[in-house]
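A.B. asks: Provided below for reference: sequence and predicted model.
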Amino acid sequence: MSLDYIMTLLKPMLEGAQITVLLFIIAIIASIPLGFLLTLAARSKIKPLSWFAHTYIYVMRGTPLLLQLLFICFGLPMLPVVGEYLVLDRFVAASLGFILNYAAYFAEIFRGGLISVDKGQYEAAHVLGLNRWQTMTRIIIPQMIRVALPAIANESITLVKDTALLYAVAVPELLHFAQTAVNRDFTIMPFFLAGIIYLLMTLVLSFIFKWIERRFRYA
C-alpha cells in the first residue's frame, strides 16, 4: 500500500470530514440551547407547555435518529397539501434532524443537572434579594453546567460518530467517500483511514471538554 495511494484517499475523505465537522458545529450550537429551553418548558407550571415538552422528549428519544432523518428528508415532501413546501436540501434536512434529536437528549441532561442543585440555593438567592433571572444565571445555571458537563461531553462525542448516518440520506460526508473508495478499489484501507479520522476528531473534542471541565472546577 503506497503512500501516494493513501494520500489519494485522504483528499476526498478530508473533504467529507469537513461536512462532518460542519454538521457537528451546527447541531451543537443549536441543540444545546434548544435542549435547555425544553428543560424549562418541561418544568413549567403551564400544563400544555409541560405536556408538549415531555411528549417531544419522549418521542425523539424513543425513536431511532435514522428514522427521524429519513422522515425529514423523504417523508415530509410526501405529506398531502404542504409536502411540496417541505422539500429541503439534504444537508439542511439532516442538520434539522440532528438538532431536533439531540435537543431532547440535552434536555434530559440539563434536567438531571437542575435536579442536582440543592433547593437551599433557591432559598438563599431569595434571601439575598435576587430575582428569578439573577438566581438562574448567577447561581443555578453555573452549578447545573458543572454537574452536566461530563454527560454533555459524552453526548457530543456520540454526535460526532452519529454524523456517519448522513451516508443513509445521501449527504457526501466522511463515510460516504470511504465506502466509495472501498467499492472502487476492493480494499478495506479507506475504512481504517476513516476510523483514524473519527478517532482524531473525538480525541480533540475530549481534550476541549476536559479543559472546560477544569475551568469550571476551579472557577
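C.D. replies: Noted; the coordinates are in hand. From a predicted model like this one, the values you see are computed outputs, not experimental measurements. Numbers count the residues shown, from 1 in each chain.
A.B. asks: what's the distance between the residue lying farthest from the centre of the chain and residue 139?
C.D. replies: When each C-alpha in the chain is compared with the mean C-alpha position (CA atoms, centre = their mean), residue 127 comes out farthest, at 37.8 Å. For residue 127, the distance to residue 139 (CB to CB, to the nearest Å) stands at 12 Å. C-beta coordinates here come from the backbone N, C-alpha and C atoms, glycine included.
A.B. asks: the residue nearest to residue 42 when sequence neighbours are not counted - how many residues pack around it?
C.D. replies: Taking CB to CB, 6 or more residues apart in numbering as the measure, residue 42 lies nearest to residue 53, with 3.9 Å between them; neighbours along the chain are not counted. Residues contacting residue 53 under the criterion other CB atoms under 10 Å number 21.
A.B. asks: now the strand or helix carrying residue 53: average pLDDT?
C.D. replies: Secondary structure from DSSP states H and E places residue 53 in helix 47-62. The predicted model gives helix 47-62 an average pLDDT of 95.
A.B. asks: show me what whichever helix or strand comes after it is packed against.
C.D. replies: Using DSSP H and E, the helix or strand that follows helix 47-62 towards the C-terminus is helix 65-70. Contact partners of helix 65-70 among helices and strands, from 3 or more CB pairs under 8 Å, 6 or more residues apart in numbering; DSSP states H and E: helix 90-116.
A.B. asks: ok, and for the helix it packs on, which residues are buried?
C.D. replies: When burial is assessed from 16 or more other CB atoms under 10 Å, helix 90-116 yields the following buried residues: 90-91, 93-111, 113-114.
A.B. asks: try stretch 179-191
C.D. replies: Buried residues in stretch 179-191, counted by 16+ other CB under 10 Å: 181, 182, 190.
A.B. asks: let's have the residues you listed in CSV, adding secondary structure and distance to residue 173.
C.D. replies: As requested, the buried residues of stretch 179-191 are arranged in CSV below (DSSP: H, G, I helix; E, B strand; the rest coil; distance: CB to CB, whole Å):
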residue, secondary structure, distance to residue 173
181, helix, 14
182, helix, 15
190, helix, 13
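A.B. asks: residue contacts, residue 12?
C.D. replies: Contacts for residue 12 were tallied using CB atoms under 8 Å, 6 or more residues apart in numbering; they are 177, 180, 181.
A.B. asks: other residues contacting the lowest-mean-pLDDT helix or strand in the chain?
C.D. replies: Here the helix or strand of the chain ranked lowest by mean pLDDT, DSSP states H and E is helix 119-127, holding a mean of 76. For helix 119-127, the external contacting residues (CB under 8 Å, 6+ apart) are 134, 135, 138, 139, 140, 143.
A.B. asks: kindly present these as JSON lines, with separate columns for distance to residue 31.
C.D. replies: Listed next are these as JSON lines, based on distance: CB to CB, whole Å:
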{"residue": "134", "distance to residue 31": "26"}
{"residue": "135", "distance to residue 31": "25"}
{"residue": "138", "distance to residue 31": "25"}
{"residue": "139", "distance to residue 31": "25"}
{"residue": "140", "distance to residue 31": "21"}
{"residue": "143", "distance to residue 31": "22"}
